[in-house]
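Q: A structural model of the following input is requested.
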Amino acid sequence: MTMRIAAITVLVWIAGAVAAYGLSAEGNDHPGRLTKSRGKTYYNYNIRSEIERDDEGKSRLVFRWDYDVIEGAVTKEKILAALLAAREELTAESLNQVEAEYKAVTE
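A: From the prediction side, this is the model:
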């Protein structure tokens, strides 16, 4: 239990290096997991595709995703901290879930 609290404390401290987290975006192209733009790194996750219909009934494929802006070098700790910070509750269960999400997107 003490190790988990220490890990959570370190991750929350590292989250200070994450400029913004839990933001949403959409586009016509599938985003990569890590995108560099304007001197910042965007970590994209929860990427999903949807088919939308316009007023004329024409359909198009749209991608929607959540992203975090990471300052400086991208590390596992910063990505985990960003994913944790986007959650409302910080529990051992959410810590395990974020670790599983991280493994799923980086393997």
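
Q: surely E52 meets R64?
A: No. Under the criterion of CB atoms under 8 Å, E52 is not in contact with R64, lying 10.0 Å apart. Heads up, the C-betas are built off the backbone N, CA and C, glycines and all.

Q: who's more crowded, the two?
A: R64 (14 against 10; other CB atoms under 10 Å).

Q: point out where the protein drops to low pLDDT.
A: Within the chain, the ranges that satisfy pLDDT under 70 run 1-21, 85-91, 94, 102, 105-107.

Q: which residues in it form strands?
A: With DSSP state E as the criterion, the chain has strands at 18-27, 34-37, 40-53, 59-70.

Q: most packed of those?
A: Most buried of these, by mean neighbour count (mean count of other CB atoms under 10 Å): strand 59-70, with a mean of 16.

Q: mind exporting the C-alpha coordinates of that one to PDB?
A: What follows is strand 59-70, C-alpha atoms only, in PDB (Å, rounded to 0.1, in the frame of the first residue of the first chain):
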ATOM      1  CA  SER A  59     -21.200   9.500 -45.100                       C
ATOM      2  CA  ARG A  60     -17.600  10.100 -44.200                       C
ATOM      3  CA  LEU A  61     -15.100   8.500 -41.800                       C
ATOM      4  CA  VAL A  62     -14.200  10.600 -38.800                       C
ATOM      5  CA  PHE A  63     -11.500   9.900 -36.200                       C
ATOM      6  CA  ARG A  64     -12.000  11.100 -32.600                       C
ATOM      7  CA  TRP A  65      -9.400  10.900 -29.800                       C
ATOM      8  CA  ASP A  66      -8.200  12.200 -26.500                       C
ATOM      9  CA  TYR A  67      -4.800  13.700 -26.200                       C
ATOM     10  CA  ASP A  68      -2.300  15.100 -23.700                       C
ATOM     11  CA  VAL A  69       0.300  17.800 -24.300                       C
ATOM     12  CA  ILE A  70       3.700  16.700 -22.900                       C
END
